[in-house]
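>>> this one's sequence-less:
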């Protein structure tokens, strides 16, 4: 039996960053320059972790010398863009205002933001509208950001997970973590003045498009909503959690990068399915799937599918540009596969499909313009923020902002709280140990698949209703209790996966509560018992937090 | 089953073990041939292939359920 090991010496840290993705590393680079101790706890290795692990090629930003001095048209475009739904305008405005400075930082550090020699805003755009996505060469982004964080003195603790945020009187005082590098997990206790949650999206909530292959997903499967779950348990507000988001791309290999493909979506007869482009170019591709998010599913279900991307009308120069973009955003596994199989975009049409729902930005932790949550000393940035979204560039800008805010706060706090003596910490360690000590019981995979089938059936995409949601919530609670009492793991890795799955269950429970409260149909939240969109809710956000251990739901106006 | 390691070419440097985002190589011994402990947790990101200093030592074989669906354009 593998036993848990405990490092009895707590670690004193001014600013603990949970997750070394784009947001976490940007926060580390900023804050480490301010004479405070900064630690990044990263589940994998910061050089290759998170949704930006293998690169990216588009960075939403406002560059005055390209867009003009008036930010308003760009802000409008951002709020109505592919990621524009469910944002507080105040956060989006600040994001755009600071975005060019971060672009210049990245370029100076060695991530090529001007690979074609000029500020190249191509793709991800509507005909006749401003283009707000800067095309860049981000293949080396994690390596560069890791180097910069180290250079400024941030300590990178790779293969270390954070499992709980510890609070006292409504403020952060520390965290429980665990090194998962060796067979035997090593528990570490952090006494922290400030904590940033930057753990990314929440994938693995719903069944994938390839049954039995839980990790065939377009984003990072190790991004499992831990930040959202820890924030919720610590009393922070979550927002927009009931709003599903789905990505689309090649069938069956689930990949990001839909908009990097330059082509026209066509039905089996070769007819274009959208009105936007006849002859796509690198500046303007086919945006039909962004306007009509469910197009691939709808056409398939109606029998008019499947729908293919057709790149054969694209100029060779733009095909080269597209293939370059796919490499820069880290799609080399797919390109290697296509080359080996003789799949050539100039000769073949590739079928596209919609993937399973997951939580990305605009579905998660509520923050203000300082990246603070409602819990003092607790910050959030990146894909787990609930009232703002700009994907990678949003992570870069708000990661940086959180670094400034946390450093300012940390300098005002004199000492550390002896969290290692708290009963809560002891109880958590006993629980982690019990999972390793059980002789028999379900593995994390059983629990994760059971969660996925409940989410897919009772909080799914085809239909939601009060009766289905109530039933699903009851079943999920049963599953969660069962998992809590019976899960087993034989090493640090599987213990980590068990705790990830329990965090996903917390996220799932919040989704059920919020989906029950939103008594209308909006975007992909489809209530059969409320089949209309309620205009009175158009400018409102739904928040949820724990109040005396119970979920407390509240509507508020957008800010 | 991804990834596949060429025993002849691998230098046992452990880079893939350290870099894998999903800990597919969990439990591998230092300076030994990496073991693919959790192949079903591979996300086919290619990070191990790209980070490997010995070209050709790791090959990513996509499982059949991840086949791309395609047809000739004409």
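Cool, the structure landed. Bear in mind the structure is a predicted one, so any value in this text is a computation, not a measurement. Residues are numbered from 1 along each chain as shown, chains lettered A, B, ... in the order given.
>>> how near is residue B:4 to chain A?
Shown here: residue B:4 relative to chain A, a distance of 13 Å by CB to the nearest CB, to the nearest Å. In short, each C-beta sits where N, CA and C put it, glycine included.
>>> tell me the contacts of that residue?
B:36, B:58, B:59, B:60, B:61 (CB atoms under 8 Å, 6 or more residues apart in numbering or on different chains).
>>> the same query, at a cut-off of 7 Å, please.
Neighbour list for residue B:4: B:59, B:61 [criterion: CB atoms under 7 Å, 6 or more residues apart in numbering or on different chains].
>>> show me where chain B has its strands.
Remark: strands assigned in chain B by DSSP state E are B:4-5, B:58-59, B:70-72.
>>> just put these in TSV and tack on distance to residue A:374 and mean pLDDT.
Shown next, in TSV, are those (distance: least, CB to CB, whole Å; pLDDT from 0 to 100):
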stretch	distance to residue A:374	mean pLDDT
strand B:4-5	48	96
strand B:58-59	46	94
strand B:70-72	49	97
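>>> list the contacts of the spatially closest residue to residue A:140 that is not a sequence neighbour.
Excluding the flanking residues, the one nearest residue A:140 by CB to CB, 6 or more residues apart in numbering or on different chains is residue A:111, at 6.4 Å. Shown in contact with residue A:111 (CB under 7 Å, 6+ apart): A:136, A:138, A:140, A:141, A:144.
>>> equivalent analysis for residue A:197, please.
A:18, A:227, A:230, A:231, A:365, A:380, A:384.
>>> hmm, 8 Å instead?
Neighbouring residues of residue A:197 by CB under 8 Å, 6+ apart: A:18-19, A:165, A:227-228, A:230-231, A:365, A:378-381, A:384.
>>> next, it: phi, psi?
In terms of degrees, to the nearest 10, the main-chain angles of residue A:197 are phi -90, psi 120.
>>> rewinding a little: need the strands of chain B in TSV (columns: distance to residue A:247).
Below are those laid out as TSV (distance: least, CB to CB, whole Å):
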stretch	distance to residue A:247
strand B:4-5	28
strand B:58-59	27
strand B:70-72	19
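>>> okay, the ones you listed, which one's buried deepest?
strand B:58-59 (a mean of 18; mean count of other CB atoms under 10 Å in any protein chain shown).
>>> report all helices and strands that that one contacts.
strand B:4-5, helix B:47-51 (3 or more CB pairs under 8 Å, 6 or more residues apart in numbering or on different chains; DSSP states H and E).
>>> what pairs with that strand, parallel or antiparallel?
strand B:4-5 (antiparallel) (DSSP bridges).
>>> residue of the stretch 401-550 of chain A nearest chain B, please.
Taking CB to the nearest CB as the measure, the stretch 401-550 of chain A has residue A:493 as its residue closest to chain B, at 4.4 Å.
>>> now do the contacts for the nearest residue to that residue once chain neighbours are set aside.
Excluding the flanking residues, the one nearest residue A:493 by CB to CB, 6+ apart is residue B:26, at 4.4 Å. Residues in contact with residue B:26 (CB under 8 Å, 6+ apart) are A:491, A:493, B:37, B:38.
>>> and residue B:27, by the same measure?
With contact taken as CB under 8 Å, 6+ apart, residue B:27 is in contact with A:183, A:491, A:493, B:35, B:37.
>>> show me the residues you listed that map onto helices.
Members of the contacts of residue B:27 lying in helices (criterion: DSSP state H): residue A:493.
>>> most neighbours among the contacts of residue B:27, please name it.
Per-residue neighbour counts (other CB atoms under 10 Å in any protein chain shown) across the contacts of residue B:27 peak at residue A:493, which has 24 neighbours.
>>> who touches that residue in this structure?
Shown in contact with residue A:493 (CB under 8 Å, 6+ apart): A:180, B:23, B:26, B:27, B:37, B:38.
>>> could I get the residues you listed as CSV with distance to residue A:252?
Converted to CSV, those look like this (distance: CB to CB, whole Å):
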residue, distance to residue A:252
A:180, 30
B:23, 24
B:26, 26
B:27, 30
B:37, 25
B:38, 21
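>>> now pLDDT too, for those residues, in a markdown table please.
Converted to a markdown table, the contacts of residue A:493 look like this (pLDDT from 0 to 100):
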| residue | pLDDT |
| --- | --- |
| A:180 | 97 |
| B:23 | 96 |
| B:26 | 97 |
| B:27 | 96 |
| B:37 | 97 |
| B:38 | 97 |
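>>> return the closest of these with respect to residue A:422.
Each of the contacts of residue A:493 was checked against residue A:422 using CB to CB; the closest is residue A:180, at 22.7 Å.
>>> quick one: the closest one and residue A:42, what's the gap?
For residue A:180, the distance to residue A:42 equals 11 Å [CB to CB, to the nearest Å].
>>> what do you get for residue A:336?
Using CB to CB, residue A:336 is found at 27 Å from residue A:42.
>>> and the two? which has more neighbours close in?
A direct count of neighbours by other CB under 10 Å for residue A:336 and residue A:42 places residue A:42 higher, at 27 against 16.
>>> buried residues, stretch A:157-173. List them.
If you call a residue buried by 16 or more other CB atoms under 10 Å in any protein chain shown, then stretch A:157-173 has these buried ones: A:157-167, A:172-173.
>>> again with stretch A:483-493
Those buried within stretch A:483-493 under the rule 16+ other CB under 10 Å are A:483, A:487, A:488, A:489, A:491, A:492, A:493.
>>> can you pull the buried residues of the helix or strand of chain A with the lowest mean pLDDT?
In chain A, no helix or strand scores lower on mean pLDDT, DSSP states H and E than helix A:288-291, which sits at a mean of 89. For helix A:288-291, a neighbour-count test (16+ other CB under 10 Å) marks A:288, A:289, A:290 as buried.
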